[in-house]
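J.: Structure of the sequence below:
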Amino acid sequence: MCEMPGGAAVDLFELLSVCVDLSMKAGEVVREVARGEMGLHAKDEHGDLTGVVPTLNEVQSGVDVVTSADLLAQGLIEGSLVCEFPGLRLVGEEVVGADDLKAVPADRSLVFRLGRGGEVQRRVVDMSEVVVYVDPLDGTREYVVGDRKLVFVMIGISYRGVAYAGVVHQPFEGECGRTIWCMEGYGCFDDHPDRSENLLTRVAPSRDTVVLVTTRSHHSEAVDVACAYLSADEVIRVGGAGYKILCLARGVADVYCYPSPGTKKWDTCAPEAILRVATGGKLTDFQNLPIDYDDTENVENYGILATRESEYHAVCSERLFGGGFCRWKELNERR
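T.: Next comes the predicted model:
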């Protein structure tokens, strides 16, 4: 994790533009590494490198790993943001040294040109109230085993503790990747050319059933109990926090439930902003509390409960927490 000290002021539109541009550039790095040696290493429970090169079977069984793509993408995004916005608070999943930071020119006007540029008014705020969360490669396990539709570059922008804006880039969607970005009060944008897949024009499937999406690699008794409490008709088990939240935004699923610690704020900041801005969805932790992104000392979330529609979140909360939170704490302590 890397965090920079607070600064003076920042234009959120310029910051978002730079983040969109850097996510695409990081996507190029991720694709390039995939064509050669991945530089695979295992991580321990604290996220530190162990020096061990895991086998493919160990990766598939759930060993936490990092690749050269994770580190190179982190160095590019972090190095460029620090150069463009000195003093910006930044929290990244990967730890890279000063020699590995790579600043590249970034476009401060990208969202003006690609979005409704003529309608944009500058949004300059106190930089000390902004935190940027970087997940340079969400879905590393899936990246290694070849399930690359689940791979994302994610950069979230929090303002006054709330997931306020963000970008998710899918490097392996189409020839040059797909990028979705948003900002509170401005809107959500998707560069996917197919109207049936584009987040803004896609028609969510109509159904009378409840579809729940949850973890594939961290199965537990708590997950099974939560799924039962929510009375889901269908359960999708898949990797990547970003992909699961995007399943809600796309209407593929109605609720994302993960009742245990494990996800981090860089996993949720960008996709939470997109979920809320695109569909009016809602995301909390598994104590039914909003995630405080201004707190950079505690980056781990106590689980996730997210729904495509905010009203349905209240229904799920009553089913899960009506009897109190203690049952989930007890189940997790038995893991």
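J.: On the three-state scheme, Cys257 is what?
T.: Three-state call for Cys257 (DSSP: H, G, I helix; E, B strand; the rest coil): strand.
J.: Counting neighbours, what do you get for it?
T.: 26 (other C-beta atoms under 10 Å). Backbone N, C-alpha and C define where each C-beta goes, glycine included.
J.: what are the bridge partners for it, then?
T.: Under DSSP bridges, the beta-bridge partners of Cys257 are Leu305.
J.: Wait, it touches Leu212, no?
T.: Yes. The pair Cys257 and Leu212 qualifies as a contact (C-beta atoms under 8 Å) at a distance of 5.9 Å.
J.: which neighbours do the two share?
T.: Listed as contacting both Cys257 and Leu212 by C-beta atoms under 8 Å, 6 or more residues apart in numbering are 227, 230.
J.: Downstream of the longest helix seen in the chain, the next helix or strand is which one?
T.: In the chain, with assignment by DSSP state H, the single longest helix is helix 12-34. Downstream of helix 12-34, the next assigned helix or strand under DSSP states H and E is strand 41-42.
J.: So which residues make contact with that next one?
T.: The contact list for strand 41-42 (C-beta under 8 Å, 6+ apart) reads 49-54, 58, 63-67.
J.: Centre-most residue in the chain?
T.: Asp267 (3.7 Å; C-alpha atoms, centre = their mean).
J.: and that residue, what is it in contact with?
T.: 135, 138, 154, 241-242, 301.
J.: Taking helix 12-34 as reference, get the angle to the helix or strand hosting it.
T.: According to DSSP H and E, Asp267 maps onto helix 265-279. Interaxial angle, helix 265-279 versus helix 12-34 (axes from the mean of the first three to the mean of the last three C-alpha atoms, to 10 degrees): 120 degrees.
J.: CA atoms of helix 265-279 as CSV?
T.: Backbone C-alpha positions of helix 265-279 (Å, rounded to 0.1, in the frame of the first residue of the first chain) are rendered in CSV as follows:
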residue,chain,number,x,y,z
LYS,A,265,-11.2,-0.4,-0.5
TRP,A,266,-9.4,-0.5,-3.8
ASP,A,267,-11.7,-3.4,-4.8
THR,A,268,-14.8,-1.4,-4.2
CYS,A,269,-14.3,2.3,-4.6
ALA,A,270,-14.5,2.6,-8.5
PRO,A,271,-17.2,0.0,-9.1
GLU,A,272,-19.3,1.3,-6.2
ALA,A,273,-19.3,4.8,-7.8
ILE,A,274,-20.4,3.2,-11.1
LEU,A,275,-23.1,1.1,-9.5
ARG,A,276,-24.6,4.1,-7.7
VAL,A,277,-24.3,6.6,-10.6
ALA,A,278,-25.4,4.2,-13.3
THR,A,279,-28.3,2.4,-11.6
